[in-house]
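1. Everything below, folded, please.
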Amino acid sequence: MTALVGLVALALATPAAARETVEAAAPSSLAVTLYRDPARGVDDAMNRQRPRGFAMITETRQVVLPPGESTIRFTGVAEGMVAVSAIVTGLPGGTIEKNRNADLLSPAALVDGTLGNRVTVTRTNPATGEAVAEDAVVRTRADGGIVLETSQGFEAVRCSGLPEKLTFERVPAGLSAQPVFSVDTRDPTGGTYDVQLTYLAWGFDWQANYVATLAEGGRGDRVNMRLMSWVTLLNDNGQSFENAELLVVAGKLNVVSDFQSLAAPPDARPLSLTCFPIGSTAAGTPIPAPPPPPMPPPMPMMSAAIVVTGSRVARASYEANTPVVVMGEEALGDLKLYRAPERVTVAAKGLKQIAFLDMLRVEARLLYLAGCTPYDDDDEAVPTGMMLATVNDKRHGLGAAMPMGGIAVFEPSSSGEQLVGEESLRDYAVGQDVEIRFGDSSQVFAQCVRSADFDIGQHPTRWNAMHTVLTNANPHAVTVRIGFGYSGSWQLRGLRGTRIKDGEVIYEVTVPANGRRELRWESRQSGATG
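-> Model prediction:
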C-alpha cells in the first residue's frame with residue numbers, strides 16, 4: 001500500500017510533456033474548386049463587394065513532427081475558411097483537436113499581447129530633430145488608449161505633445177499576419193509527412209460570359225456565328241492561391257449551411273487612441289486616412305435597344321481563326337465540372353478570366369418574335385423582337401453544357417464588329433434548344449388586331465376574330481414566330497401548322513423581302529364551350 005501511494009505521488013509530481021508547436025511548410029500543391037452563389041438568379045450579376053459563392057480548397061503541405069503530441073499550424077489559409085469543414089489527411093496519429101485562430105497580427109493585438117512586457121518608446125523633438133529612446137512597460141490593453149510605465153512614471157501614448165513611436169521586441173505568441181488553422185496530433189516516433197488540408201471557404205463566386213459574333217453570308221434565316229465564353233472568377237479573400245489547379249462547378253447545388261456565419265474570419269483589430277494629436281488639444285484625435293477607393297466596376301452592359309440591319313459585310317471565314325485553349329468538361333453527378341487546362345493564380349481581392357468555350361462555327365436561325373392574343377390589341381405596328389435559335393448538339397456546332405451567364409451579340413459592319421444586343425442565359429444542357437433574345441428590330445414590325453367588339457370577360461365562350469399584319473423592310477425574307485399565348489389558356493381555329501413550344505402555341509411564317517403578310521384566325525379562352 002505504501003509503495004502504491006508513492007507511485008501515485010511520483011506520477012502527480014511529474015509534469016506533463018509540453019505539446020510542441022510545429023509550423024507546416026507553405027503549400028507545395030493547391031487545388032481550388034469554385035461554386036457559384038446558389039441563390040443567384042439568371043439575371044443577377046455577381047456581387048463584387050459581398051460574393052456569396054464558396055470554394056473547396058485543398059492544400060498539400062509538408063510537416064516535420066516530433067515524437068509525442070504536437071500542434072501543427074497551417075498559416076495562410078483563406079480568411080473565409082469554414083473551420084468545421086476542414087479535413088486533414090496523411091497524419092499517422094490522426095487529428096485530436098482542431099482550432100481556428102481568432103486574432104490576426106494588428107496594432108491592437110500587438111499591444112494586448114505585450115501587456116506587462118517591455119517596449120521601446122522613441123520621441124522626436126520637432127525643434128531639434130533629436131530622437132530619444134527609453135524602455136517602457138505596457139500597463140493597459142488597447143481598448144481606448146495605451147498607458148506606459150517609464151522612468152518618469154505612468155504616461156499615456158500620444159499625450160506628450162511630441163512625435164513618438166513604439167518598438168516591440170517580438171511578435172506575441174499566437175499572432176500571425178495571415179489566418180491560421182491548427183490541429184493537435186500524436187506521433188509515437190515522429191517523422192516527415194506530406195499532409196493534405198481540405199476545407200470550404202466563403203467569399204468566392206464565378207460566372208460565364210459569352211460573346212456571339214455573327215458571320216457573313218447567311219441564307220434566309222440561317223446564320224453562322226462564333227461563340228466564345230470566358231469564366232470570370234471572383235476571390236474576395238485576402239489570400240492568393242498561386243499556381244493552383246482550378247476547377248469550377250456548374251449546376252444547381254443544394255446548400256443548407258450558412259457558410260457566411262460559419263466562416264467567422266479572424267479579426268484584425270485597429271488601434272484607437274483617445275489623446276490629443278501633436279499641436280493642439282482642441283484639434284481632437286486625428287481622423288484616420290480614408291480607405292483606398294474600390295476597384296472600378298466593369299463596363300456596364302448597354303441598356304438601350306440596339307437593332308440589327310439587314311446589311312452583310314464580307315469577312316474571313318471562322319475556320320481560319322486559331323482556336324484558344326479552353327477548359328475541359330467532366331461529369332459530377334448531375335452537375336458539370338470544368339477544369340482549367342493549366343495551373344493559374346487566383347489572386348486576393350481580384351477578378352480573373354479564363355477561356356471557357358470556343359465554338360468556331362455554330363449554326364443558328366435568326367427569328368423575329370411577335371405575340372398576338374385577344375388581350376394584345378395594338379393601335380399601331382410595334383417592333384418585333386429578335387432571337388438566335390439553335391440546338392446544343394454537335395450537329396449545330398455546340399454539344400457542351402453551357403452554364404448561365406450574360407451573352408453579348410456582335411455583327412460585322414464596315415466599321416468593324418458592332419454590339420447589337422445583350423441577354424442573360426440560363427443553364428443549358430446538351431440537347432436542349434438554346435434561344436438568345438437580343439433586342440428589337442427596326443426593320444420588321446407586327447400589328448395584332450382583335451376585330452370582335454364584345455367584352456371578353458363577359459363572353460368567354462365566344463370566338464374572337466383576330467388578325468395580324470407583318471411587314472419586312474429588309475432586302476431579304478425573314479421568319480417571324482408568332483406566339484398565341486399558353487395552350488392551357490387559349491384555343492385557336494382557322495390557322496393550320498401551329499405547334500406548342502415550352503407550353504406556348506406558336507406559328508412561324510415567312511415574310512418576303514420588302515413585303516408584308518397578313519394572317520387571320522379565331523381565338524377564345526380554353527375550357528370555354530358553346
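2. Show me the residue sitting in the middle of the chain in space.
-> In the chain, the C-alpha closest to the average C-alpha coordinate belongs to Asp205, at a distance of 2.1 Å (CA atoms, centre = their mean).
3. now the helices for the chain?
-> Shown for the chain, the helices assigned by DSSP state H span residues 2-13, 107-113, 259-263.
4. Now the weakest link among those helices, please, by mean pLDDT.
-> Averaging pLDDT over each of the helices of the chain singles out helix 2-13 as the lowest, with a mean of 47.
5. The residue nearest to the centre of the chain touches Arg50, doesn't it?
-> No: contact status for Asp205 versus Arg50: not in contact, 9.7 Å apart, counting by CB atoms under 8 Å. Just so you know, the C-beta spots here come from the backbone N, C-alpha and C atoms, and that holds for glycine as well.
6. number of nearby residues for Glu342?
-> Per other CB atoms under 10 Å, the neighbour tally for Glu342 reads 10.
7. Ok, the one 3 residues further on next?
-> The number of residues packed around Thr345, counting by other CB under 10 Å, is 16.
8. And the nearest residue to it once chain neighbours are set aside, how far from Pro341?
-> Closest residue to Thr345 apart from its sequence neighbours, by CB to CB, 6 or more residues apart in numbering: Glu242 at 4.7 Å. Counting by CB to CB, to the nearest Å, the separation of Glu242 from Pro341 is 17 Å.
9. distance of Ala381 from Leu470?
-> Relative to Leu470, Ala381 is positioned 9 Å away (CB to CB).
10. Pull the contacting residues for Val195.
-> The neighbours of Val195, taking CB atoms under 8 Å, 6 or more residues apart in numbering as the test, are Ala24, Thr60, Arg61, Gln62, Val63, Ile72, Val88, Thr89, Gly90, Leu91.
11. Give me the ChimeraX select line for the residues you listed, limited to the buried ones.
-> The command below creates a ChimeraX selection of those among the contacts of Val195 that count as buried (16 or more other CB atoms under 10 Å):
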select :24,60,61,63,72,88,91
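12. Can you get me a residue count around the spatially closest residue to Gln432 that is not a sequence neighbour?
-> Take Gln432 and drop its neighbours on the chain: the residue closest to it by CB to CB, 6+ apart is Asn392, 5.3 Å away. Other residues near Asn392 number 19, with proximity taken as other CB under 10 Å.
13. Kindly report the same for the one 3 residues further on.
-> Burial of Arg395 is recorded as 9 neighbouring residues (other CB under 10 Å).
14. And it, how close does it get to Ala347?
-> From Arg395 over to Ala347 the distance is 40 Å, taken as CB to CB.
15. neighbour count winner among Ala381 and Leu470?
-> Neighbours around Ala381 and Leu470, counted as other CB under 10 Å, are more numerous at Leu470. The numbers are 23 against 16.
16. what pLDDT does the more buried one get?
-> Reading off the confidence values, Leu470 has pLDDT 97.
17. Now do the residue nearest to Arg395 when sequence neighbours are not counted: how many residues are near it, please.
-> Counting by CB to CB, 6+ apart, Arg395 lies nearest to Glu363, which is 7.9 Å off, once chain neighbours are set aside. Applying other CB under 10 Å, we find 15 other residues in the vicinity of Glu363.
18. where does this protein have low pLDDT?
-> The chain contains residues with pLDDT under 70 at 1-18, 102-106, 108-109, 112-114, 142-145, 158-162, 173-176, 217-219, 256-325, 527-530.
19. so where's the longest strand in it?
-> When secondary structure is assigned using DSSP state E, the longest strand within the chain turns out to be strand 191-214.
20. quick one on the thing from earlier: ok, the residue nearest to Thr345 - how many residues close by?
-> Per other CB under 10 Å, the neighbour tally for Glu242 reads 13.
21. same deal with the one 3 residues further on?
-> By other CB under 10 Å, the residues close to Glu245 number 16.
22. In contact with the closest residue to it other than its chain neighbours, which residues?
-> Across the structure, with CB to CB, 6+ apart as the measure, the residue nearest Glu245 apart from its sequence neighbours is Ala31 (4.3 Å). When the contact criterion is CB under 8 Å, 6+ apart, the partners of Ala31 are Ile57, Thr58, Ala244, Glu245, Leu246, Leu247.
23. Then Asn99?
-> The contact partners of Asn99, taken as CB under 8 Å, 6+ apart, are Ala83, Phe181, Ser182, Val183, Asp184.
24. What is the burial count for the nearest residue to Ala331 once chain neighbours are set aside?
-> Closest residue to Ala331 apart from its sequence neighbours, by CB to CB, 6+ apart: Leu337 at 7.2 Å. The burial count assigned to Leu337 is 17, neighbours taken as other CB under 10 Å.
25. So which of the contacts of Asn99 sit within strands?
-> For the contacts of Asn99, secondary structure assignment (DSSP E) places Ala83, Phe181, Ser182, Val183, Asp184 in strands.
26. Would you list the buried entries among these?
-> Among the ones in strands among the contacts of Asn99, those classed as buried by 16+ other CB under 10 Å are Ala83, Phe181, Ser182, Val183.
27. Any idea what the last one is bridged to?
-> For Val183, the beta-bridge partners are Ile72, Lys98 (DSSP bridges).
28. was I right about it contacting Arg100?
-> No: the pair Val183 and Arg100 fails to qualify as a contact (CB under 8 Å) at a distance of 10.5 Å.
29. So which residues make contact with stretch 335-342?
-> 33, 231, 245-251, 253, 325-331, 354, 356, 401, 403.
30. Please list only the buried members of those.
-> The neighbour-count test (16+ other CB under 10 Å) marks 33, 231, 245-251, 326-327, 354, 356, 401, 403 as buried among the contacts of stretch 335-342.
31. Which single one of the contacts of Ala31 is nearest to Tyr199?
-> When the contacts of Ala31 are compared for distance to Tyr199, the smallest value, 5.9 Å, is given by Ile57; criterion: CB to CB.
32. count of neighbours near the closest one?
-> Ile57 has 27 nearby residues by other CB under 10 Å.
33. cool, and Ala45?
-> Every residue meeting other CB under 10 Å relative to Ala45 is counted, giving 15.
34. roughly how far apart are it and Arg36?
-> In this view, Ala45 and Arg36 are 12 Å apart by CB to CB.
35. cool, and Gln447?
-> The value you get for Gln447 to Arg36, if CB to CB is used, is 42 Å.
36. With neighbour numbers in mind, choose between the two.
-> Looking at Gln447 and Arg36 with other CB under 10 Å, you find the greater number of neighbours at Arg36, namely 26 against 19.
37. show me what contacts the more buried one?
-> Arg36 makes contacts with Gly53, Asp205, Trp206, Gln207, Val248, Val249, Ala250, Pro403, as judged by CB under 8 Å, 6+ apart.
38. Quick check: phi and psi at the nearest residue in space to Gln447 that is not next to it in sequence.
-> Excluding the flanking residues, the one nearest Gln447 by CB to CB, 6+ apart is Ala381, at 4.1 Å. When quoted as degrees, to the nearest 10, the phi and psi of Ala381 stand at phi -70, psi 140.
39. hang on, the earlier thing: now for the contacts of Asn99, which pair is the farthest apart?
-> Checked with CB to CB, those reach their widest spread between Ala83 and Asp184, with 13.9 Å between them.
40. Common neighbours of these two, please.
-> Residues within reach of Ala83 and of Asp184 at once, by CB under 8 Å, 6+ apart, are Lys98, Asn99.
41. give me the beta-bridge partners of Met402?
-> For Met402, the beta-bridge partners are Tyr428 (DSSP bridges).
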